[in-house]
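Engineer: below are the sequence and a predicted model; questions follow.
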Amino acid sequence: MESLSMCLCLCLYILISFVLYPTSFSIINNSSASMNHLCRQDESQLLLQLKQQLHHDPHPSYPRDYPTLYWNSSRDCCEWYGVICDYFTGHVIGLDLGWGHLRGNLKSNSSLFHLTHLRSLNLARNNFSDSTLPPEFGRLNALRDLDLSDTGFAGEIPVEFYHLSKLVSLNLANDASTDYKIRCDVKMLFGNMTRLRVLRLTNQNLSNSDLPINISSSFLTHLGLSSTGLRGELPATIFEKSNMQWLELGGNEGLEGRLPDSIGLMSNLYYMYLSHCNFSGPIPESIGNITGISRIYLSSNSIQGRIGKLNSPNLFYLDLSSNRLNIEIESFYNHSGIEFLKLSHNTVTEHGGDIINVTNFLYLSELEMSSCEIKEFPNILRSNMPYLQVMDLSNNIIHGPIPSWFTSNLSETLSYLDLSANFFTNYPWRTFPPFICNLSQLLILNLSHNKLSGNILECLPNSTTSLRVLDLSRNEFHGKIPTKIGTMYQNLSYLGLNGNHLEGPLPRSLANCARLKVIDLGNNLIKDTFPQWLDTLPQLKILILKSNRFHGSITPPLTNNSFSNLQIFDLSYNNFTGLLPEKLFASLGAIKNQSQVSPDERLYMEDYEQVEFDHRGHYNYFQYSVTISVKGEVVEFTKVLKILNTIDLSSNNFKGCIPESISYLASLRLLNLSHNSINGSIPPALGRMTNLEHLDLSGNQLTGGIPQSLTSLTFLEVLNLSHNHLVGPIPLGNQFSTFSNDSYAANSGLCGDPLTRSCGNGTESPSAEDFEEKDEDDGFMMGFTWKAVVMGYGCGILLGFILGNVMISIKKPRWLERFVYVEAAIILRRRKKRRRTVQGRT
């Protein structure tokens, strides 16, 4: 009886296990399939046909990532990599081809859609960018799990797709960098797929959809709808899902309203991403009911008020930056396990009193409190933080010396330190910064825009060799730049010392820094000749030596690719002499090429200095900035546009003619050769520089006439030819109709509009049309449609980006919007009036 009972129990156990966990029996097939030929012949043939329909993107480093590579008829298909069979029926019920380096056009007649017993299908991270989402997916109505993330499918989701009513997990998420997007009807999806537990549509197109008020799936645990174009108010019912564990709605700037009190009902939530939306109002007190949450992202909203108590002992990532919150730093003292605390662009206060327990924050890795109106070093910085890697206290109002307790408490693991834009002094140190020599892992140091003074300390050769960014600009440092700076910091990519009182020669050791992209030494007292030896730096993009005491002539480069990547070249306000550097102009390959920034490409030059800090893949960035003269104004660019191609040699003692080689710099935007002793005529070849927006040749000894070819410069917004010896009529047409008298002042021989002096003998300045008729072979004149002219008239590309940034950052103020349109209308009316006048006279 006992043996019979045990046998019955065993049989009952097997039966129950099969009912509850059928897939576990399916997996056994991989080990026993060779003993019993499981695979059905028809499905084996379908899989081999699929192999022929898809192609591999060869990658020698990942030979095992090709799941179909070893599929062949000599083995049971249930043994093939990525194939899962039902142990009893032999049907293929699972297909895992994710990250398989596969590509092709998944057509409607693909053999894949005949595998109708599939319960799980994973095609993630393959390339089907030539395909729309086939409606034949609807045939696979047994599917429970479907992963098509980052596959490149595009177009509308077909109606048949919504028939997959048995789906438990659907992942259609997209990589942010791709242009391929799927348009989805969220209401239809939620209406039909009532069993969904996991839904991820990140970076797809839901721009015509509102979130449904009632989400029918009560089992939903993971919802990912970030960056999908959702708009309107967030339904409170989303937060009433007690099963919800992962909520991701960020990156939808059209989502607005308040966070509802029902947020506290998601008691099982551990991940919440609601950044970069338009939420307002306070953070509900009920958020304290979510006791298991580990990550909270609420940055870049308009949330205001105070933060309620956060009761989760698992909290390790909190990002509240860029809101309107009033944050008391003491509210985080109980979260000793927190690793990432980001509070920037809020108001942070501390009541003072007892110093916190130094045992707190033992795991803190990033602490960001930029632009928080902090007036003194908060006590949180006295804590023992042995693993701190990122500290940002920039753009606050902290005065006085940097306290010794702060510098002595800095962790040796620190990689990023930003104390810029405060009011720090360096008393009692005579040299600064001495603490840098102890931070052997420091990658980025930004102490710019303070009142630090003294000599720049020369550390030992083996210290801080990892440093990539050193920004000490806009301080009061004096003395010489350390002669061994290039030996100490051979990994430097950015060196910013602008706006100090540094003197002496430029250290030749900088030639060791092969990764240098930016050298900004403007506004100092450096006395040296032109550093031709810097042409050995292969990545150098920005060289700013303006307002120093450089002197002598610029010697011709030894090779044809000297400074080939240079895009901003500023030597203004020095004492350079000799001829303009014709051969150097000819070697500037990055400006010579006609470059366009594609819509999906970042607009900013290298954008950020990116440094990975930990094994989780978190990154922090240093944003390049430069100060140059743009259209008569000194402008600090906190982001450097990729198209900001600039040559400024003004206020020196250059002589001779303008070399024709400069006209081949097709991507140049700003050219300033003013206030030198340049003579000769203006080369007509300058008409080739069709991207030019700023041309300043004033204060020289130029003679002859203004070439008619310059009317080809339809983006030209600023023209200054004043204080020369130019003669003859001023050309008419295109941008020249917008320039005032100031552009031509102190040229006694010029005549014609806009000057009051006519050209005599009843002759007026020739129009652009007249010029085309007289000289049809001139390669510089082309037919411009009125659209192109208006594009040039409205504002230059660079000014457009500046105005655009302003309008975006302050929510497109109507006064600025009206100003732009009214000015454009006035310019157009003025141009039409002048054209009628010229036609009437002829």
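Structural biologist: That came through, no problem. None of these values were measured; they are calculated from a predicted model. Numbers count the residues shown, from 1 in each chain.
Engineer: doesn't residue 706 make contact with residue 731?
Structural biologist: Yes: using Cβ atoms under 8 Å, residue 731 is in contact with residue 706, at 5.9 Å. Bear in mind the C-beta positions are built from the backbone N, C-alpha and C, glycine included.
Engineer: looking at those two, which one has more neighbours?
Structural biologist: residue 706 (27 against 24; other Cβ atoms under 10 Å).
Engineer: how far off centre is the helix or strand harbouring residue 470?
Structural biologist: Residue 470 is part of strand 469-471 when elements are defined by DSSP states H and E. Strand 469-471 has its C-alpha centroid displaced from the chain centroid by 20 Å (Cα atoms, centre = their mean, to the nearest Å).
Engineer: is it true that residue 99 touches residue 124?
Structural biologist: Yes: counting by Cβ under 8 Å, residue 99 touches residue 124, with 6.8 Å between them.
Engineer: so what's residue 509 closest to, chain neighbours aside?
Structural biologist: residue 486 (3.2 Å; Cβ to Cβ, 6 or more residues apart in numbering).
Engineer: quick one: secondary structure of that neighbour?
Structural biologist: Reducing the assignment at residue 486 to three states with DSSP: H, G, I helix; E, B strand; the rest coil gives helix.
Engineer: count of neighbours near it?
Structural biologist: 20.
Engineer: check the gap between it and residue 417 for me.
Structural biologist: Distance of residue 486 to residue 417, computed by Cβ to Cβ, to the nearest Å: 21 Å.
Engineer: repeat for residue 242
Structural biologist: Residue 242 is 43 Å from residue 417, by Cβ to Cβ.
Engineer: quick one: the strands in the stretch 251-400 of the chain, in order.
Structural biologist: 254-258, 271-273, 278-281, 295-297, 302-306, 317-319, 324-328, 340-342, 347-349, 366-368, 390-392, 399-401 (DSSP state E, counting those that start in this stretch).
Engineer: circling back: residues touching the strand holding residue 470, excluding its own?
Structural biologist: For strand 469-471, the surrounding residues in contact (Cβ atoms under 8 Å, 6 or more residues apart in numbering) are 420, 443-448, 489, 492-496, 609, 622.
Engineer: what about the helices in the stretch 351-500 of the chain?
Structural biologist: 404-408, 485-488 (DSSP state H, counting those that start in this stretch).
Engineer: now render these as a markdown table, adding mean pLDDT.
Structural biologist: Rendered in a markdown table, the data for these read as follows (pLDDT from 0 to 100):
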| stretch | mean pLDDT |
| --- | --- |
| helix 404-408 | 86 |
| helix 485-488 | 88 |
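Engineer: dump the ones you listed to CSV, plus distance to residue 375.
Structural biologist: Converted to CSV, the helices of the stretch 351-500 of the chain look like this (distance: least, Cβ to Cβ, whole Å):
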stretch, distance to residue 375
helix 404-408, 15
helix 485-488, 34
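Engineer: can you say which of the ones you listed is nearest to residue 329?
Structural biologist: In terms of Cβ to Cβ, the element of those nearest to residue 329 is helix 404-408, at 15.4 Å.
Engineer: measure stretch 321-336 end to end?
Structural biologist: 20 Å (Cα to Cα, to the nearest Å).
Engineer: how far off centre is it?
Structural biologist: On Cα atoms, centre = their mean, the centre of stretch 321-336 falls 27 Å from that of its chain.
Engineer: what's it in contact with?
Structural biologist: Outside stretch 321-336, the residues touching it (Cβ under 8 Å, 6+ apart) are 283, 298-307, 309-310, 315, 318, 320, 338, 341-351, 356-357, 359-363, 368, 372, 378-380.
Engineer: give me that answer again for 6 Å
Structural biologist: The contact list for stretch 321-336 (Cβ atoms under 6 Å, 6 or more residues apart in numbering) reads 299-301, 303-304, 306-307, 315, 342-350, 356, 360, 378, 380.
Engineer: which PyMOL command selects the buried ones in those residues?
Structural biologist: Buried residues within the contacts of stretch 321-336, by 16 or more other Cβ atoms under 10 Å, are selected in PyMOL with:
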select buried, resi 299+300+301+303+307+315+342+343+344+345+346+347+348+350+356+360+378+380
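Engineer: that older thread, compare the strands of the stretch 251-400 of the chain and give me the one nearest residue 90.
Structural biologist: Here strand 271-273 is closest among those (Cβ to Cβ), at 39.6 Å.
Engineer: before we move on, the earlier item: residue 242 and residue 417: who's more crowded?
Structural biologist: residue 417 (24 against 11).
Engineer: please report how far that one lies from residue 435.
Structural biologist: In terms of Cβ to Cβ, residue 417 sits 9 Å off from residue 435.
Engineer: next one: residue 361
Structural biologist: Counting by Cβ to Cβ, the gap from residue 361 to residue 435 is 20 Å.
Engineer: of these two, give the one with the bigger neighbour count.
Structural biologist: Between residue 361 and residue 435, residue 361 has the larger neighbour count (other Cβ under 10 Å), namely 26 against 18.
Engineer: right, and that one touches residue 382 too?
Structural biologist: No: in this structure, residue 361 is not within contact of residue 382 by Cβ atoms under 6 Å, at 10.1 Å.
Engineer: sorry, back to before: tell me the most buried of the helices of the stretch 351-500 of the chain?
Structural biologist: Highest mean neighbour count of those: helix 485-488, a mean of 20 (counted as mean count of other Cβ atoms under 10 Å).
Engineer: now do the helices in this structure.
Structural biologist: Assigned by DSSP state H, the helices in the chain fall at 2-20, 22-27, 29-32, 41-53, 186-192, 404-408, 485-488, 582-586, 589-592, 768-774, 786-794, 797-809, 814-841.
Engineer: would you single out the least confident of these?
Structural biologist: Least confidently modelled of those is helix 786-794, at a mean of 31 by mean pLDDT.
Engineer: picking that back up, among the contacts of strand 469-471, which two are most distant?
Structural biologist: 420 and 489 (18.4 Å).
Engineer: between those two, which is the more surrounded one?
Structural biologist: Between residue 420 and residue 489, residue 489 has the larger neighbour count (other Cβ under 10 Å), namely 27 against 24.
Engineer: how many neighbouring residues does the nearest residue to the more buried one once chain neighbours are set aside have?
Structural biologist: Spatial nearest neighbour of residue 489, excluding adjacent residues (Cβ to Cβ, 6+ apart): residue 467 at 4.6 Å. The number of residues packed near residue 467 is 26, by other Cβ under 10 Å.
Engineer: can you tell me how far residue 467 sits from residue 437?
Structural biologist: 11 Å.
Engineer: what distance do you get for the residue nearest to residue 509 to residue 566?
Structural biologist: 19 Å.
Engineer: do residue 704 as well
Structural biologist: Taken as Cβ to Cβ, the span from residue 704 to residue 566 is 30 Å.
Engineer: looking at these two, which has the bigger crowd around it?
Structural biologist: residue 566 (23 against 14).
Engineer: report pLDDT for the more buried one.
Structural biologist: Residue 566 is given a pLDDT of 94.
Engineer: same question, residue 150
Structural biologist: So residue 150 comes in at 92 (pLDDT).
Engineer: and for it, the neighbour number?
Structural biologist: 23.
Engineer: can you pull the contacts of it?
Structural biologist: Per Cβ under 6 Å, 6+ apart, neighbours of residue 150: 124, 125, 175.
Engineer: same thing but at 10 Å, please
Structural biologist: 98-99, 123-127, 171-175, 177-178, 180, 202-203 (Cβ atoms under 10 Å, 6 or more residues apart in numbering).
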